[in-house]
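> Would you be able to build a 3D model of this:
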Amino acid sequence: MRQATPRIPAPVRQRLHFHLAWTTLDRAPLTDARLARFLCGFPRAVAMDERARVLQVGMVSTHLHLLIAGHPATQWPRLVQLLKGGSAAFANRTPELQRAPPLRWQPGYTLETVSPSLVERTRHYLRTRPTVRITPRPAPTESLCRRPVTAFGKSGMMHR
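A predicted model of the protein is given here:
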């Protein structure tokens, strides 16, 4: 009797992009450069663990925007919970990130799909958002989030 050869699944082309945004509680301003830098890096690490990739971070004083490339198996409510709750919990427990009042997020969020043809335009929008108000002088978000991410090659396949 012949044994069946295991089938190897064919590669799947995935071009799932999302624009995620949420605000601080009562739109309280973010005023600390260290916190802003933390908010650029934290979502990238969390997203990778949840089968997603942050392509661009955009920040203004009262809210955070992320352009995310997702996987069909990404659990969006879980990812958002980890991003919002995890960032606040970590920032409020880390002495160098602690501030008064503590970092708290408004309940809810906005999650919208982004067409593959509009990814670069959305990236540009987030990159050119108004600056984060950091004392003593405003600084552009780009200077705080200096991690360029190239996630897609010409084929549209996600690269790690």
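
> all contacts plus neighbour counts: C-alpha atoms, from now on.
OK.

> residue closest to the middle of this protein?
Closest residue to the average C-alpha location of the chain: residue 66 at 3.9 Å, with C-alpha atoms, centre = their mean.

> Quickly list what that residue is bridged to.
Note on residue 66: beta-bridge partners by DSSP bridges are residue 20, residue 57.

> ok, it touching residue 23?
No. Taking contacts as C-alpha atoms under 8 Å, residue 66 lies outside contact range of residue 23: 12.0 Å.

> quick one, helices of the protein?
Here the chain has its helices, by DSSP state H, at 33-49, 76-93, 119-127, 141-144.

> Stretch 16-24: which residues count as buried?
Applying a neighbour-count criterion of 16 or more other C-alpha atoms under 10 Å, the buried positions in stretch 16-24 are 17-24.

> where does this structure dip in pLDDT?
Within the chain, the segments meeting pLDDT under 70 span 1-2, 10, 12, 31, 130-160.

> try 80
For the chain, residues meeting the criterion pLDDT under 80 lie at 1-14, 30-32, 100, 129-160.

> ok, residue 114 - how many residues close by?
18 (other C-alpha atoms under 10 Å).

> is it true that it touches residue 18?
Yes. If you go by C-alpha under 8 Å, residue 114 and residue 18 touch, sitting 5.3 Å apart.

> quick one, which of the helices of the chain is nearest to residue 58?
Closest to residue 58 of those is helix 119-127 (C-alpha to C-alpha; 4.6 Å).

> now for that closest one, which elements pack on it?
Helix 119-127 is packed against strand 52-60, strand 63-70, with contacts defined by 3 or more C-alpha pairs under 8 Å, 6 or more residues apart in numbering; DSSP states H and E.

> Go again with 7 Å.
Here helix 119-127 touches strand 52-60, going by 3 or more C-alpha pairs under 7 Å, 6 or more residues apart in numbering; DSSP states H and E.

> Dump the strand it packs on to CSV, restricted to CA.
Coordinates of the C-alpha atoms in strand 52-60 are reproduced here as CSV (Å, rounded to 0.1, in the frame of the first residue of the first chain):
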residue,chain,number,x,y,z
ALA,A,52,1.0,41.6,11.9
ARG,A,53,3.5,44.2,11.0
VAL,A,54,3.5,48.0,11.8
LEU,A,55,4.4,49.8,8.6
GLN,A,56,4.1,53.3,9.8
VAL,A,57,3.4,55.1,13.1
GLY,A,58,1.8,58.5,13.2
MET,A,59,1.3,60.6,16.4
VAL,A,60,-0.3,63.8,17.4
